[in-house]
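>>> Got a predicted structure here, sequence first:
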Amino acid sequence: MSLSFIDAIQHSKHGLVKKNTLFLPFHMELMYIWIGKDMSLLSIPDIITDFYSLKAEINVHEDEKYTQIVFLKHSNLHREFDHYKGHIIFHCAEKGADIFLKENRHFIKISFHGDTETIFFELIDNPLNL
């Protein structure tokens, strides 16, 4: 069984990026994804809400200990977002939590730093205040 995302972030667990795929050391109830190169008031991030239809922009696969997310419209996430060029933000709840309760919903910022395949996670209060 995987860690909760709150435990993973509090214990400084990292994920991996391989081309257009993220590997996360946790599971979650994913509500939507913000993806953008510059999260400012001047630029509007793409918001992905469709995860399961034939026209979905991502594929989500949960293994026993990790979650794999493939971004179908991107070829190399690290190249697009490294060196603080942008962020991917998940709006989600812990796996099995009631998504209708506001206190269960969280924003997770995914960051790409340097030339490694390591990705970093941070719980944030408001994705508009980056």
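Great, that's in hand. Numbering: from 1, shown residues only.

>>> show me what contacts the residue nearest the centre of the chain?
Taking Cα atoms, centre = their mean as the criterion, F90 is the residue nearest the geometric centre of the chain, at 4.4 Å. For F90, the contact set (Cβ atoms under 8 Å, 6 or more residues apart in numbering) comprises 28, 30, 32-33, 107-108, 110. For glycine as for every other residue, the C-beta is placed from the backbone atoms N, C-alpha and C.

>>> List just the nearest of these to K95.
M28 (5.8 Å; Cβ to Cβ).

>>> Show the pLDDT at the closest one.
We have a pLDDT of 95 for M28.

>>> Please report how far the closest residue to it other than its chain neighbours lies from L101.
Nearest residue to M28 in three dimensions, chain neighbours excluded: C92, at 4.2 Å (Cβ to Cβ, 6 or more residues apart in numbering). Separation of C92 from L101 (Cβ to Cβ, to the nearest Å) stands at 13 Å.

>>> the more surrounded of the two?
C92 (22 against 9; other Cβ atoms under 10 Å).

>>> Quickly find the element holding D7.
Element membership for D7 (DSSP states H and E) is helix 5-10.

>>> Sounds good, over and out.
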